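J.: I need the structure of the sequence given here:
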Amino acid sequence: MSEQKGLFGVSGSGDTSGFSGLVRQPAHPDEIISSPAPYGEYFDEVVDVLRERLGGESLRAVVVEHGELTVHIAPDRTAEFCKVLRDDENLKFEFCNSLSGVDYPDQQHHLHVAYHLTSMTYRRRIRVETSVGADNPVVASVTGVYPTADWQERETYDMFGVIFDGHPALTRILMPDDWEGYPQRKDYPLGGIDVEYKDAHIAPPDQRRSYK
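T.: Got it, this is the predicted structure:
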């Protein structure tokens with residue numbers, strides 16, 4: 001993909017909205033570029049501890065952007081990483097703020113899971129991220145480390161189809177148990193889905209009555 005400028009790639013339109021100054025960089029499918037060290041702030045200390053405790057090869061990438069630290073790891077090591085992040089005296093990331101999924105359809109491993117952690121002790125934040133493909137969407141559950149991740153893992157499973165290995169009760173939480181598909185994947189239809197409820201039938205949007 002060539003570099004695109006402006007909103008939706010538009011250029012030369014005399015745009016005065018400010019969007020014409022935006023530059024979208026070409027995508028790098030399955031390639032995450034690490035930021036150069038030193039990273040600044042407390043980021044170097046955190047990364048050094050992780051590399052010492054878990055091995056340098058365990059960090060797939062370290063990215064610092066917009067003043068935030070993100071470490072990319074393998075999907076089968078999420079629980080191990082989170083345990084070190086929580087228990088190490090130099091880290092103490094005791095709280096899992098949120099766990100969410102995202103789908104980058106241009107990548108082979110397009111289903112990402114992001115964990116936002118906070119250290120109450122040191123007033124620090126970190127994002128842990130991992131990725132899997134739809135053919136084997138298995139990520140180690142972190143519910144044994146952060147119990148608050150229980151329902152968040154269920155929601156990510158329900159919406160994206162990510163299977164959290166070791167979760168105590170991985171069932172749908174928003175959609176009916178017999179629902180087919182995962183509504184927040186990018187290949188899921190945006191409209192025209194036939195919806196049925198008990199004793200009622202709601203037609204897809206393109207078949208409903210038009211009010212004028």
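J.: give me every residue that touches residue 75.
T.: Residues near residue 75 by C-beta atoms under 8 Å, 6 or more residues apart in numbering: 113, 130, 131, 132, 138, 139, 140. The C-beta positions use only the backbone N, C-alpha and C, and glycine is treated the same way.
J.: Show the pLDDT at the second one.
T.: So the one you mean is residue 130. pLDDT, residue 130: 96.
J.: Give me the three-state assignment for it.
T.: Assigned with DSSP: H, G, I helix; E, B strand; the rest coil, residue 130 falls in the strand class.
J.: now the helices for the chain?
T.: 43-54, 78-87, 149-160 (DSSP state H).
J.: among those, which is nearest residue 94?
T.: Ranking the helices of the chain by their distance to residue 94 (criterion: C-beta to C-beta) puts helix 78-87 first, at 5.9 Å.
J.: Buried by neighbour count: which residues of the closest one qualify?
T.: Buried residues in helix 78-87, counting neighbours by 16 or more other C-beta atoms under 10 Å, are found at 78, 79, 80, 81, 82, 84, 85, 86.
J.: Next, the residues that contact it from outside, please.
T.: Helix 78-87 is contacted from outside by 49-50, 53-54, 58, 71, 73, 91-94, 96, 113, 115, 117, 126, 128, 130, 139-142, 144-146, 166, using C-beta under 8 Å, 6+ apart.
J.: so it versus helix 43-54, what angle?
T.: 120 degrees (axes from the mean of the first three to the mean of the last three C-alpha atoms, to 10 degrees).
J.: Any idea how far helix 78-87 is from the middle of the chain?
T.: Distance, stretch centre to chain centre, for helix 78-87: 17 Å (C-alpha atoms, centre = their mean, to the nearest Å).
J.: Give the rounded mean pLDDT of it.
T.: When pLDDT is averaged along helix 78-87, the result is 96.
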